[in-house]
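**Student:** Have a look; sequence and predicted model below, questions after that.
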Amino acid sequence: MSAYLDPSAQWRTPPEVATVAVVIPFYNGADFVERALASVFQQTRPAEEVIVVNDGSSNAQREALGLLASRYPMRIVDKENGGQGSARNAGVAASSAAYICFLDQDDFYLPDHIDVLLKAIPPQDRLFGFVYADLCEADAQGHIVRTSVVKGEATHPKRDIFDLLRHDMFVLPSASLLSRTAFESVGGFDAQFRGCEDDDLFLRIFRAGFSNHFVDQPVTVWCMHTESTSYGIHMVRSRLRFFRKLVAMYPDDPRRGRFHLRDQLIPRFERLFIDHVIESRKAGDSHRDELVGILLEYEKTVLASPTVSRWHKRKLKLLVLLARRSPLGFIRAMGALTRFPGLRQLRRMLG
């Protein structure tokens, strides 16, 4: 239901009386989660509820999490493995606070995370959906790499559905505070995704008519490493599911001159699906055949569209053929040769 028609939408609760729940999905993350928990319990404005959702971790990892519960006053919710979105949904369902903050197990809050985000909610915003801020990027040990991740990567705050379809949103749950009303009105995270679930959620909140606000300062440290859920085959599978969902939800509307597949979704997804295949071939990835299948499904969708030009379809066919069939030596050689002026466009197309 749109927020504009929802009689349950409430006036903003003042920060001094608002209640906040922090939800942390946990999956075999004992090496990192204590750092995350410590940052929550060191907040200048404490959360009323801290819930850690054990998403089907091993027995040893669950035991390690249980030992932390003797030092940090948190609640643990156990469930079968279903991915971060599913775990976050379970954490929200187990909480009762008016506002929700999420935190990934390998990230950590800056000391004023909750205070900054609560105070950024405009007074009398009856349709408040979420407020989000920037992040610092760090390595796995928490050493800072850069102090701004979000600001230069997208348009903030979110005002245009066409921009949200064309680009990644760069709204990260670990740097956000959401209204429970908004979260529950759209059904929370779509549990089919194990990647792209963030964009899917915030896009649906936007489309439901809720407001969003951006704070131009970091409130979280985002730790990137090879074990992060940002990497791997689960992300690529989810990207395809997200692409399918967007194609179904946003059909072309020729009467209004809106061609979402051609103008927003192809520019956003095409190079990614091609690059996945090229990089998997270079690396000898065991998921190479599956990645080729994902690319072929994407190609089939584009070729079936009457609004995509014949020139683009011919180019796509060529790129798919090169990505699938070209000898690895050719791919690497073209990557080197096209560093010269005049050939850079070809290099971009070949990954």
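**Tutor:** Looks like it came in fine.
**Student:** Which parts of this structure are helices?
**Tutor:** Here the chain has its helices, by DSSP state H, at 33-41, 59-68, 84-93, 113-119, 161-166, 180-185, 197-207, 233-249, 260, 266-283, 288-303, 310-325, 328-337, 344-350.
**Student:** give the contact list for Y27.
**Tutor:** Counting by C-beta atoms under 8 Å, 6 or more residues apart in numbering, Y27 touches N54, D55, G56, S57, N81, Q84, A87, Q105. (C-beta placed from N, C-alpha, C; glycine too.)
**Student:** 6 Å instead?
**Tutor:** Y27 is in contact with D55, S57, counting by C-beta atoms under 6 Å, 6 or more residues apart in numbering.
**Student:** again, but for the one 3 residues further on
**Tutor:** Taking C-beta under 6 Å, 6+ apart as the definition of contact, the neighbours of A30 are Q61, A64.
**Student:** Would you list the phi and psi of it?
**Tutor:** For A30, the backbone dihedrals (degrees, to the nearest 10) come out as phi -60, psi -20.
**Student:** Switch the helices of the chain over to a markdown table; also include mean pLDDT.
**Tutor:** Listed next are the helices of the chain as a markdown table, based on pLDDT from 0 to 100:
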| stretch | mean pLDDT |
| --- | --- |
| helix 33-41 | 97 |
| helix 59-68 | 96 |
| helix 84-93 | 97 |
| helix 113-119 | 97 |
| helix 161-166 | 95 |
| helix 180-185 | 97 |
| helix 197-207 | 97 |
| helix 233-249 | 95 |
| helix 260 | 96 |
| helix 266-283 | 91 |
| helix 288-303 | 96 |
| helix 310-325 | 92 |
| helix 328-337 | 60 |
| helix 344-350 | 45 |
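**Student:** how about stretch 156-166: buried residues?
**Tutor:** H156, K158, L164, L165 (16 or more other C-beta atoms under 10 Å).
**Student:** got TSV for the residues you listed, with distance to V145 too?
**Tutor:** As requested, the buried residues of stretch 156-166 are exported to TSV (distance: C-beta to C-beta, whole Å):
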residue	distance to V145
H156	21
K158	26
L164	27
L165	29
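**Student:** Could you pull up the contacting residues of S39?
**Tutor:** Applying C-beta under 6 Å, 6+ apart to S39 gives the contacts F108, Y109.
**Student:** Going forward, the N-terminal residue is numbered 460.
**Tutor:** Sure, I'll start counting at 460 from here, so that last one is S498.
**Student:** Kindly check the end-to-end length of stretch 497-516 for me.
**Tutor:** Start and end residues of stretch 497-516 are separated by 21 Å (C-alpha to C-alpha, to the nearest Å).
**Student:** How far off centre is it?
**Tutor:** From the chain centre to the centre of stretch 497-516 is a distance of 20 Å (C-alpha atoms, centre = their mean, to the nearest Å).
**Student:** Just the buried positions in it, please.
**Tutor:** 498-499, 502, 504, 506, 508-516.
**Student:** In strands, which of those residues fall?
**Tutor:** E508, V509, I510, V511, V512, N513, D514 (DSSP state E).
**Student:** neighbours around the spatially closest residue to E493 that is not a sequence neighbour, how many?
**Tutor:** The shortest distance from E493 to any non-neighbouring residue, by C-beta to C-beta, 6 or more residues apart in numbering, is to L527 (5.9 Å). For L527, the neighbour count with other C-beta atoms under 10 Å is 17.
**Student:** repeat for S555
**Tutor:** With other C-beta under 10 Å as criterion, S555 counts 11.
**Student:** Need phi/psi at it.
**Tutor:** Torsion angles, degrees, to the nearest 10, at S555: phi -130, psi 0.
**Student:** Just give me the longest strand of the protein.
**Tutor:** The longest strand of the chain (DSSP E) is strand 670-682.
**Student:** what number of residues lie near N540?
**Tutor:** N540 has 12 nearby residues by other C-beta under 10 Å.
**Student:** do you know how far the residue nearest to it when sequence neighbours are not counted is from S545?
**Tutor:** Spatial nearest neighbour of N540, chain neighbours left out: G515 (2.9 Å); criterion: C-beta to C-beta, 6+ apart. Distance of G515 to S545, given as C-beta to C-beta, to the nearest Å: 10 Å.
**Student:** returning to what we had before: now tabulate the ones in strands among the buried residues of stretch 497-516 in JSON lines and tack on pLDDT.
**Tutor:** As requested, these are exported to JSON lines (pLDDT from 0 to 100):
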{"residue": "E508", "pLDDT": "97"}
{"residue": "V509", "pLDDT": "98"}
{"residue": "I510", "pLDDT": "98"}
{"residue": "V511", "pLDDT": "98"}
{"residue": "V512", "pLDDT": "98"}
{"residue": "N513", "pLDDT": "98"}
{"residue": "D514", "pLDDT": "97"}
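**Student:** do you know how far the most centrally placed residue in the chain is from F629?
**Tutor:** In the chain, the residue lying closest to the centroid (C-alpha atoms, centre = their mean) is D657, at 3.5 Å. Separation of D657 from F629 (C-beta to C-beta): 9 Å.
**Student:** and if you look at T760?
**Tutor:** Note on T760: its distance to F629, by C-beta to C-beta, is 25 Å.
**Student:** If anything else comes up later, I'll come back, but that's it for now.
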